[in-house]
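Undergrad: sequence-free structure coming up:
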């Protein structure tokens, strides 16, 4: 069987399965998710063993330290994967939820009800935990899923899929509900993007190049989980100790993810007091600093930040710094150079906090908190399919509700239109 035929058959089977999901009870979904969580923990040694094979190849290819960290599975991360599935099992099932109902003067009763989207294709890179998160969220929201992970995580993804698919089969869930593309052949992606008769939505998660390529070539609606050029702005009225902790966490805690800070903005009136000690902490943590001319005067010897730096998602221990004259200049910088993902202000001034929150055009805006909280699990959603930087249908962390659409169920008593 050639690749094209194989992919069409997978998509057809997924479509058939998707049409049956509304008959799967919430109770069964929850029991399956809980058993999947236990299976991940029980098969921990197997998952780590397969992950080590991916890590070995990635190291030979010279992937960065941050990318290797994204790829790694360990006891803690597998426990987090299991916990995410358990959290999803405890959330309300959105399928069948009545959003609104009303009665027309002619007696028709109209119900607006949540329903699954159908078949969701997820194209992603590096992070194996995406495999289990997506399976869990799509199962609970009643969608069939086709997973196509990056070649660098192929063995890890297949191992996670294998463990979870066995639980789905044990409970006789429809064939085709959970699928993975096991070929590293890049042609597979472009072939899948043309199957709009069977696939209802594409969600790309990865680097800028991947997302642009998917959006360019897809015949299927795409929700873009675009790059995270995230900012923290330190205001003039601020607790500098709090600002230091927030900035350090936003950059260093996990630099290889989309909600990590890439640019630090700081008001001119506090820059000279704040930057030297902050820079010392960053440098000790291995962060390379790049700054505007004013920053370079305060922090001798750092690299100059160019126009390209303001629009770069480093996903690494690199940070751009700019000193600004005002809150409005910080807002203008973010709206000009940011990716509408996650941005934060650290301030003791309520008026500044409110102005920042209202005027920054991003999916998630924080006051006195790290951008690292932009995450479905942290938001109480159990997990996430990704962080949408689009504005239509879904914005920010995409979880159960965002994986549904709606339809109108209209009840009458013989009415005809005159």
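TA: Sure, I can see it. Quantities reported herein were computed from a predicted structural model and do not represent experimental measurements. Residues are numbered from 1 along each chain as shown.

Undergrad: and the gap between the closest residue to residue 219 other than its chain neighbours and residue 216?
TA: Spatial nearest neighbour of residue 219, chain neighbours left out: residue 196 (4.2 Å); criterion: Cβ to Cβ, 6 or more residues apart in numbering. Heads up, the C-betas are built off the backbone N, CA and C, glycines and all. Residue 196 is 15 Å from residue 216, where distance means Cβ to Cβ, to the nearest Å.

Undergrad: okay, the two: which has more neighbours?
TA: residue 196 (13 against 9; other Cβ atoms under 10 Å).

Undergrad: How far does stretch 223-243 stretch from one end to the other?
TA: Its first and final residues considered, stretch 223-243 spans 33 Å by Cα to Cα, to the nearest Å.

Undergrad: isn't residue 202 right up against residue 218?
TA: Yes. If you go by Cβ atoms under 8 Å, residue 202 and residue 218 touch, sitting 5.3 Å apart.

Undergrad: what sits in contact with each of these two?
TA: residue 193 (Cβ atoms under 8 Å, 6 or more residues apart in numbering).

Undergrad: These two: which has the busier surroundings?
TA: Neighbour count, other Cβ under 10 Å: between residue 202 and residue 218, residue 202 has more, with 27 against 22.

Undergrad: doesn't the more buried one fall inside a strand?
TA: Yes. Assessed by DSSP: H, G, I helix; E, B strand; the rest coil, residue 202 belongs to a strand.

Undergrad: List the contacts of it.
TA: By Cβ under 8 Å, 6+ apart, the neighbours of residue 202 are 120-123, 193, 214, 218, 220-223.

Undergrad: what would those residues look like in a markdown table with pLDDT and secondary structure?
TA: As requested, these are arranged in a markdown table below (pLDDT from 0 to 100; DSSP: H, G, I helix; E, B strand; the rest coil):
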| residue | pLDDT | secondary structure |
| --- | --- | --- |
| 120 | 98 | strand |
| 121 | 97 | strand |
| 122 | 96 | strand |
| 123 | 95 | strand |
| 193 | 97 | coil |
| 214 | 93 | helix |
| 218 | 96 | coil |
| 220 | 97 | coil |
| 221 | 95 | coil |
| 222 | 94 | strand |
| 223 | 92 | coil |
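
Undergrad: Please list only the buried members of those.
TA: Neighbour counting with 16 or more other Cβ atoms under 10 Å marks 120-123, 193, 214, 218, 220, 222-223 as buried within these.

Undergrad: can you list the residues that contact the least confident helix or strand in the chain by mean pLDDT?
TA: Across the helices and strands of the chain, mean confidence by mean pLDDT, DSSP states H and E is lowest for helix 65-71: a mean of 85. By Cβ under 8 Å, 6+ apart, the residues outside helix 65-71 that reach it are 51, 54-55, 58-59, 63, 126-128, 152-153, 156, 254-257, 315-317.

Undergrad: how close does the closest residue in space to residue 157 that isn't next to it in sequence get to residue 161?
TA: Spatial nearest neighbour of residue 157, chain neighbours left out: residue 149 (4.1 Å); criterion: Cβ to Cβ, 6+ apart. Here residue 149 is placed at a distance of 9 Å from residue 161 (Cβ to Cβ).

Undergrad: ok, those two, which is more surrounded?
TA: residue 149 (28 against 20).

Undergrad: any idea which of the contacts of residue 202 is closest to residue 172?
TA: Nearest to residue 172 out of those is residue 120 (Cβ to Cβ; 21.7 Å).

Undergrad: and the gap between that closest one and residue 17?
TA: On the measure of Cβ to Cβ, residue 120 and residue 17 end up 12 Å apart.

Undergrad: shared neighbours of the two, which are they?
TA: residue 144.

Undergrad: ok, back up a step: now list whatever residues contact both of residue 149 and residue 161.
TA: 131, 180.

Undergrad: Looks to me like residue 356 is in a helix.
TA: Yes. With three-state DSSP as the criterion, residue 356 is assigned to a helix.

Undergrad: The residue lying closest to it once chain neighbours are set aside sits in which helix or strand?
TA: Closest residue in space to residue 356, ignoring its immediate chain neighbours: residue 345 at 4.2 Å, by Cβ to Cβ, 6+ apart. For residue 345, the element it lies in under DSSP states H and E is strand 342-346.

Undergrad: next one: residue 185
TA: Assessed by DSSP H and E, residue 185 sits outside every helix and strand.

Undergrad: quick one, what contacts it?
TA: residue 3.
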